[in-house]
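# output the structure for:
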Amino acid sequence: QVQLVESGGGLVQPGGSLRLSCTGSGLVMDYYAIGWYRQAPGKEREALSCINNDNSIEYVVDSVKGRFTISRDNDQGAVYLQMNNLQPDDTATYYCAAPRSMTRKCGYVMDYWGKGTLVTVSS
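Below you'll find the model as predicted:
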């Protein structure tokens, strides 16, 4: 059974930084494309960024470009989302996700989802 777990969320002041982590069980993270998404209250889920298993980055949405950076550490079996200069509009639950096959790159439907980690940006 595949499980993805996000961590690293919390309360941060505007202009602050957080690093979110995504780890998994039931799959070898190194072999899978992993995407980061977020959903703010009352809004639709938004795809933020995705990294393929060859470390190529498939996309970064314009709203976070230059502030959020996706990366992976194969030794740790984790994918990270470094978030800098956080603003109140970044307040959301952040999710990581993976496709069901290691051969599927970013852009395919994501089949496995974590439960999310809440990021709140407020003074």
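
# by mean pLDDT, flag the weakest helix or strand of this structure.
strand 57-60 (a mean of 82; mean pLDDT, DSSP states H and E).

# partner strands of it, with direction?
strand 46-51 (antiparallel) (DSSP bridges).

# would you mark the buried spots in the strand it pairs with?
Buried residues in strand 46-51, counted by 16 or more other C-beta atoms under 10 Å: Ala47, Leu48, Ser49, Cys50, Ile51. C-beta coordinates here come from the backbone N, C-alpha and C atoms, glycine included.

# of the residues you listed, just say which sits nearest to Cys106.
Cys50 (3.4 Å; C-beta to C-beta).

# what bridges to the closest one?
Per DSSP bridges, the residues bridged to Cys50 are Gly35, Tyr59.

# wait, doesn't it sit right on Cys22?
No. Under the criterion of C-beta atoms under 8 Å, Cys50 is not in contact with Cys22, lying 11.5 Å apart.
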